[in-house]
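A.B. asks: quick one, fold the following:
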Amino acid sequence: MSDRSNLAAKIELLHSVGGTASVEKFAELIFANRQSVEDLAKNGGLLRFELGTQPWQYPLFQTHERAIVKGLPRVLMALRDRDNWSKLIFLTTYNDYLEGVISDEMGTNDITPIMALQAGFVESVLLAT
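C.D. replies: Coordinates of the predicted model:
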């Protein structure tokens, strides 16, 4: 796969899970300042991606009700040995463990870790890592 088509595939993947925002827009969305968002990302508590010549892009699924999804930094730290693309896939792909543990409470069998975090199941997601 060429670099150009690889970049296009990455952009499409990010778009399919809710899109991205620049650090400024992301910070504005969660009522934070740019530096605190950058620091959290540098310390492994938020995902961000370089896409060609664009500045860092922050996936929007990391927000819920105008804040960072509760427990997301803890989950990302538990996944610290993986690269950001692998973390993205983990968070946005249906998870059999979570289906078995919380599907009744969530009312669905199609549960991704990010959905579980948004619903407050932080400890269950940590166990799924």
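A.B. asks: only C-alpha atoms for contact and neighbour calcs from this point on.
C.D. replies: Will do.
A.B. asks: give me the low-pLDDT residue ranges for the protein?
C.D. replies: For the chain, the stretches with pLDDT under 70 are 1.
A.B. asks: now the strands for it?
C.D. replies: Using DSSP state E, the strands of the chain run over residues 20-21, 58-59, 63-64, 67-68.
A.B. asks: and Ile114, which of the ones you listed is closest to it?
C.D. replies: With CA to CA as the measure, strand 63-64 is the member of the strands of the chain nearest Ile114 (9.8 Å).
A.B. asks: and the strands of the chain as TSV, adding mean neighbour count and distance to Arg74?
C.D. replies: Shown next, in TSV, are these (neighbours: other CA atoms under 10 Å; distance: least, CA to CA, whole Å):
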stretch	mean neighbour count	distance to Arg74
strand 20-21	18	21
strand 58-59	24	17
strand 63-64	16	14
strand 67-68	18	12
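A.B. asks: tell me which of those strands lies nearest to Asp81.
C.D. replies: Between Asp81 and the strands of the chain, the shortest gap by CA to CA is with strand 58-59, which sits at 19.6 Å.
A.B. asks: note down every partner strand of the closest one and its orientation.
C.D. replies: Strand 58-59 sits in its sheet next to strand 20-21 (antiparallel), going by DSSP bridges.
A.B. asks: quick one: Thr29 and His64 touch, right?
C.D. replies: Thr isn't right for residue 29; it's Leu. No - under the criterion of CA atoms under 8 Å, Leu29 is not in contact with His64, lying 9.8 Å apart.
A.B. asks: rewinding a little: now the strands of the chain in a markdown table, with distance to Thr108?
C.D. replies: As requested, the strands of the chain are arranged in a markdown table below (distance: least, CA to CA, whole Å):
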| stretch | distance to Thr108 |
| --- | --- |
| strand 20-21 | 26 |
| strand 58-59 | 24 |
| strand 63-64 | 19 |
| strand 67-68 | 23 |
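A.B. asks: to Asp110, which of these lies closest?
C.D. replies: Among the strands of the chain, the nearest to Asp110 by CA to CA is strand 63-64 (18.9 Å).
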